[in-house]
Structure formats: structure tokens, C-alpha cells
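Trainee: mind folding the following:
(chains A, B and C)
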Amino acid sequence: MQDADSFVSGDVAERVAAETLIVDVDGFEGPLDLLLTLSRTQKVDLRKVSVLQLAVQYLAFVEKAKELRIELAADYLVMAAWLAFLKSRLLLPPDPTEEGPTGEELAAHLAFQLERLQAMRDVAARLMGRDRLGRERFVRGITQDVTHRKVITYTATLLDLMQGYARIRTKDEFRPFVMDREAVLTMEQALDNLRGMIGFAGDWTDLISYLPDGWSADPKKRRSATAATFAATLELAKEGRIELRQDDTFSKIEIRKRQPDV
Amino acid sequence: MSENKEDSLFEAPPLAEQERMLEAILFASAEPVSLAELAGRMPHGSSPSEAMVLLQKRYEGRGVQVAKIGQAYAFRTAADLAFLMRRETVETRKLSRAAIETLAIVAYHQPATRAEIEEIRGVAVSRGTIDQLLELDWIRLGRRRQTPGRPVTFIVTEHFLDHFGLESARDLPGLKELRAAGLLENRPPPGTKEEERDPGDPDQDELFEDEDPQEESEE
Amino acid sequence: MSENKEDSLFEAPPLAEQERMLEAILFASAEPVSLAELAGRMPHGSSPSEAMVLLQKRYEGRGVQVAKIGQAYAFRTAADLAFLMRRETVETRKLSRAAIETLAIVAYHQPATRAEIEEIRGVAVSRGTIDQLLELDWIRLGRRRQTPGRPVTFIVTEHFLDHFGLESARDLPGLKELRAAGLLENRPPPGTKEEERDPGDPDQDELFEDEDPQEESEE
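Mentor: Modelled structure (predicted):
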């Protein structure tokens, strides 16, 4: 905690300093920057800076700015309010019942922030003062680009080749289902075929005899044609145009034109 | 440094120092630098030509050399190290499926026209695929087919045989063998005579031997 | 005999020759070249790190010098010869105070979030400031902080190290003193709940203490 004397004795000087600062208010990068500048007037190591004194300086600055009708940014006023609070905490004896950090803790943190900001400014200056590329140290003026050439070699193994061929041929073997349509008689075709002939089928006739021309020799075609024709007869029977009969299991299926009801 | 500079107003820096300066200037300059220019840039009284002799000697046999280009000087990569400035990345890629299949068809059915390849693959063959195989020197142009339009045919090359470790295209395994190797998983459709499809059969033998492409266009 | 032949095929060039190669490669590039890249460009079996020791020694005190930047190397002119280089001097846009401070904060506190930069400076960081530093390629995005909101962090680049003549972030001027003074700690303001803040920063230790800071920051 600060003793009252030093704070009172510094008062006048600080007010003067604050007035000179006022002119430059736009030059500060926020309240922390201003506080750091104020702290320099204490001419002490930042570790020993009197935060109470600093708070008073800052509040004086804000007061002065108000008098001069200078509009301060909101964060300056927020800082002022906070410092006023801190000041009261630092001046009043600590209330043991009160929650939260003590004034000393808050002050110590503010001092830490100031010291840290100053430290960053110092190292920033050291950094910028180094032998820099393009100022003190220079890169090679005539560079030689590496010519990148990408050589792509394609590989395939005999296995790849064989698998590739097998893939094609396998695909081929699926094809009969499409290609062999020639060997398939559709029900529509069978129906067309039957409809043309049924008018003449007055008597029971074997279904097989209705197979279209050229569909009874080749077993594959015959199978398909028989199935399609049979399905077609069922369709026609449903339509009521023909009658179907089979005497026994596996015996021949016979059809005839439906007889007009007697 | 500033002291150095002041000194130089009255007295030329030692030759060794001048050599350092030359070295730095030549290094950083974007263009070859002439002796006159060097003299202009170096402290008063310097003798760039003398320092240059030292510098050239210093870099003799090094990875970079002081080269005289016209009346100017510059560092240049030593000629024997030029290969370091080229970077070849060899990338091995698998041949695309389309290319493999096209190659396989040519190998099994050669000489094959583009139309035949497309018919067998069931899809169009892109110009790029054929070009790639030609470029790889795995296929080449065979005789033109003596059919309308006289289409070009493709056959496999010696290089192809080499690459795949084959003595001749006839050594390619037939369908039966492919099937035995489990490469053809599907059962043959009923009624297919395996021999018909086997490139090892006598007909196909002819195809590979016969220079006349006519015969083998059935399929 | 045949073994001999094989040996010579895979034998690395003599160290002196490797040194020449290093010299040529580094001379040809304005950008630092990493050991890994050097190894990739030099003949199989070369040991660029060994040859680099020789090369660095050779150029000690010369007009150009081998600079180590992170895990990479580059030739740079000796700083004491800057006065000869007025022609090459790059006029850089003057950085604002905000940019300079932000850069220093990122360098010394990295990885640093925008909130941390703002806390240290006591003012908001304008978008333009960060953008300018990113554009100069002096800072880049690091890993996201594993805290609520997963804020992005900033770290300095290899280009930054190169520009300021630093081998690694560990060589930042005054770093040790700042650490010792506790000025690089992320000290929470009194009264803040501890758990809301980042508990320690393992990333920072990595960046400053690890032997291999480059690798660490890889995403």
C-alpha cells in the first residue's frame, strides 16, 4: 500500500503531466498504453511502480479531459471506473467479509500487465533492430530454379493384363441374357401369334402346334416359345376367348376357341 | 562498420576484405556485375580486379564458380553439378483400367482395330488410351485391315513381350487357364464351347502368326 | 568383383564432393533449403548434415555465410557488408507500431490467440494488422487452442526466422530473461476462474524448447 505523502506530493506534477498528455490523447493505443506512459513519470522500475499513484494520475487525466470537453473513448472511461474502484480498495482497510480479490492482488496484476507490455515493446524494438533480410543481409540475387521434371512410368503386370481380359470376357458371358433375346419368345409375341390363329381353332389342338415357325427345332427356342405360348393361352383363357385342357399330369395341353354358350 | 566506412575514405580496405566484398556483391546482385560497377560500389581505392583474382582462385573447384560473362562477373553453378538443378521425380502409376483392358484385347486378339476393341470392351476407347499405349511402346500399328475404310490395326510390340516376360503373344494364358487360376469366376454360359474362346486354340494360333488380318475378325 | 561394382553404385560421393553439392544447391536458391530436401536432391547415401558442418566452417568470416533457419539452410551476405548493398536494399512498407508489437507478442508468446494479443496490448487488434503480418508471411495459423470456442492461434514462420536472422524461436532476443521474469506466463487476472483459462500451454513449450520446432507445428 502506498503512503499518503508521496501521493500528495506528486499530485501537482502529475496534473501538469496529465495536461501535456491530454493534447496527445489520440496518440495512445488504449488505456493500458496511457497508463504505461504515465508510469514513466514515476521514474521507477516498473516492478516498483505505485499503482495507487498511477490510478490517481489516470483519474486526473480523465477529469482534465472532461474539463476540456475532450471525448474519450469508452474503454478509457471503463478503465477510469475500474481504477476508481481499485483506488478505493487500496485506500480502505480490507474488509474480511468481502468476496473477491484484494486491492493488492488487483494492483499487482495491473503492474504485471504494464511490465509485460513494456517488455513486449522492448523486445519488439530489439527484434526490429536485428540484421534483417533485405536490409543488412541479402539473399542470392541470381537464383537458379530447380527444373522439376516429373517422369511418370506406368506399370502393369501380366496378372493385371489377365485380370483385365478376364473381366471383359466375364462381362461377355453375362451378355447372353441380352444377346440371346433371339432365343426368347416374349409373351406379347406369343399372344400376337395365337390371336391370329385362334379363330381357326375350333377343335382341341395341341398347344405345341401353335409355336411360331422356326421355334420348335432349336431346344432353347422351343423351351422359350412353349413357355410364352402357354402363358399367352392362360391370358386368352382369362379373356374368355379360349378353353384349355390337360387330361393328365405331363400330358399334352390342348386349346380350342371358346364355344359360344349353348 | 561505420568505422570501416570512414576508414575507407582515406585508405582502401585490405585485399582480403575487398575479396569478401566482391563475394557479397556478386552473390546478392541480380545481374552479372562489371569491374567498373564493382569499383563504384566498393570503398574508394579498392581494386576489384585484384580482388577478383583472389576470389576466382578461392572458388576454383568449388560447387559454384566465378564466371566472366562479357565484361561482367557472376557466380555460376559448377558445370558438373548441373544435374543437381534438375529434379526428376519418378512416379510409378498403375495403368488405368481402360488401358489395361485395351492392351489385353490387343494382346489376345491382335491385330485388332479400334472398332473391334470397342466391340469387345462394350465401350468407346478414348484416343488418349490408345496414345498412351503407343507411347509406352506396348502396342504399335499393324497392317491396315483390307475391309471398307481400311482401318488401322494394333498389335503388341517386342517391348510389350519383354515387359510382361512373354516369348510371344501366344504365351498369354487362355481362358481355360484364366479360369483355372480363378481369374474367371463366372461359369461359362450353357452351350458355350470353351475352346471357341480359348486363344490357345489352333484358330487363334493362326491369328497370331498370320499377317493377314482378315481371318480373325470374326468374334 | 561384382560386389565391388555394386558398392560403387550405391556409394555416396566423398564428403568433399557432397560439400560442393551443398554449396551449389544453396547458392542456387534464395529460399532456405531443408536438410530433407537436400538429402532428396543429392546422390543416394549422401549425408548433407555432415557436409554442412564443413561448408559452414568454410564460409566462416566470408562475405557470404551459411545461415541455419529452422531445419533449413541458406546463404546470406554478411551483415557487416550491408553498406555495399544499397542497391539491393528492399524498401519495405513501414510497419505500424501495432503490427510490430503484435508480431513480437506472437513470437514470444506463440502460439498466441487474438484474445491473448489483445489482453497483452490492452486494445483490440485490427483485422488489418494480423492480415499484414500474414501477408508478409511472418506469422501463420497454428493449431487451434483446445479451449472453449477452439480459437485459432498464431505462430511465427520460418520466413520470420530468416528475415530476422534467427535459427529458431529459441534464439529470440531476451527470451530467457522474459521467461525468468515470468513475463511470458499467461497469468489470469485475479478473480477469474482458473478453469476457464487454458491450463498451461504445452504448445508453447514445444515451440521454444523442442529440438525440432518445425515438426511440432506441422498440422
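Trainee: any idea how far residue B:14 is from chain A?
Mentor: Counting by C-beta to the nearest C-beta, to the nearest Å, the gap from residue B:14 to chain A is 22 Å. Yep, even glycine has a C-beta here, placed from its N, CA and C like the rest.
Trainee: output the below-cut-off pLDDT ranges for the stretch 51-200 of chain A.
Mentor: Counting by pLDDT under 70, the ranges of the stretch 51-200 of chain A that qualify are A:171-182.
Trainee: low-confidence regions, chain B specifically.
Mentor: In chain B, residues with pLDDT under 70: B:1-10, B:88, B:175, B:179, B:181-219.
Trainee: and the residue nearest the centre of chain B, helix, strand or coil?
Mentor: In chain B, the centroid-proximal residue (C-alpha atoms, centre = their mean) is residue B:90; its distance is 7.9 Å. When classified by DSSP: H, G, I helix; E, B strand; the rest coil, residue B:90 comes out as strand.
Trainee: show me the contacts for it.
Mentor: Residues in contact with residue B:90 (C-beta atoms under 8 Å, 6 or more residues apart in numbering or on different chains) are A:151, A:152, A:153.
Trainee: closest one of those to residue B:174?
Mentor: Distances from residue B:174 to the contacts of residue B:90, taken as C-beta to C-beta, are shortest for residue A:153 (29.4 Å).
Trainee: confirm for me that that closest one is in contact with residue B:93.
Mentor: Yes: counting by C-beta atoms under 8 Å, residue A:153 does reach residue B:93; the two are 7.4 Å apart.
Trainee: what about the helices in the chain?
Mentor: This is for chain A. Taking DSSP state H as the criterion, chain A carries its helices at A:4-9, A:11-23, A:30-40, A:51-67, A:74-91, A:103-128, A:158-174, A:176-179, A:187-198, A:219-238.
Trainee: right idea, wrong chain: chain B
Mentor: Per DSSP H, chain B carries helices over the ranges B:2-10, B:15-28, B:35-41, B:48-58, B:97-109, B:114-121, B:127-135, B:158-163, B:175-180, B:194-197, B:202-209.
Trainee: output the ones you listed as TSV; include the columns distance to chain C.
Mentor: TSV is the format used below for these (distance: least, C-beta to the nearest C-beta, whole Å):
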stretch	distance to chain C
helix B:2-10	6
helix B:15-28	3
helix B:35-41	6
helix B:48-58	9
helix B:97-109	30
helix B:114-121	41
helix B:127-135	28
helix B:158-163	23
helix B:175-180	37
helix B:194-197	47
helix B:202-209	39
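Trainee: got a markdown table for those helices, with mean neighbour count too?
Mentor: Below are the helices of chain B laid out as a markdown table (neighbours: other C-beta atoms under 10 Å in any protein chain shown):
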| stretch | mean neighbour count |
| --- | --- |
| helix B:2-10 | 11 |
| helix B:15-28 | 23 |
| helix B:35-41 | 17 |
| helix B:48-58 | 17 |
| helix B:97-109 | 24 |
| helix B:114-121 | 18 |
| helix B:127-135 | 15 |
| helix B:158-163 | 15 |
| helix B:175-180 | 18 |
| helix B:194-197 | 14 |
| helix B:202-209 | 15 |
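Trainee: with distance to residue A:134 as extra columns, can I get these in TSV?
Mentor: Shown next, in TSV, are those (distance: least, C-beta to C-beta, whole Å):
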stretch	distance to residue A:134
helix B:2-10	20
helix B:15-28	10
helix B:35-41	17
helix B:48-58	24
helix B:97-109	51
helix B:114-121	60
helix B:127-135	47
helix B:158-163	53
helix B:175-180	67
helix B:194-197	73
helix B:202-209	70
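Trainee: residue C:137: which of those is closest?
Mentor: With C-beta to C-beta as the measure, helix B:15-28 is the member of these nearest residue C:137 (20.5 Å).
Trainee: how much space between residue B:23 and residue C:63?
Mentor: Going from residue B:23 to residue C:63 by C-beta to C-beta, to the nearest Å gives 3 Å.
Trainee: thought residue A:126 was touching residue C:177?
Mentor: No: applying C-beta under 8 Å as the test, residue A:126 and residue C:177 come out as separate, 11.0 Å apart.
Trainee: what's the spacing between stretch B:61-68 and its chain's center?
Mentor: Counting by C-alpha atoms, centre = their mean, to the nearest Å, stretch B:61-68 is centred 31 Å from the centre of its parent chain.
Trainee: right, is it up against chain A?
Mentor: No: Stretch B:61-68 lies apart from chain A when judged by C-beta under 8 Å from any C-beta of the partner chain; the minimum separation is 9.9 Å.
Trainee: ok, residues contacting that stretch?
Mentor: Contacts of stretch B:61-68 (C-beta under 8 Å, 6+ apart): B:26, B:52, B:55-56, B:59, B:73-78, B:81, C:19-25, C:27.
Trainee: show me which positions of that stretch end up buried.
Mentor: By neighbour count on 16 or more other C-beta atoms under 10 Å in any protein chain shown, the buried set for stretch B:61-68 is B:62, B:63, B:64, B:65, B:66, B:67.
Trainee: of all the residues you listed, which comes closest to chain A?
Mentor: residue B:64 (9.9 Å; C-beta to the nearest C-beta).
Trainee: Provide a list of residues in contact with the closest residue to residue B:51 other than its chain neighbours.
Mentor: With sequence-adjacent residues excluded and distances taken as C-beta to C-beta, 6 or more residues apart in numbering or on different chains, residue B:51 is closest to residue B:18, at 3.9 Å. Shown in contact with residue B:18 (C-beta under 8 Å, 6+ apart): B:12, B:42, B:46, B:47, B:48, B:50, B:51.
Trainee: go through the helices of chain A and name the closest to chain C.
Mentor: Nearest to chain C among the helices of chain A is helix A:30-40; the distance by C-beta to the nearest C-beta comes to 2.6 Å.
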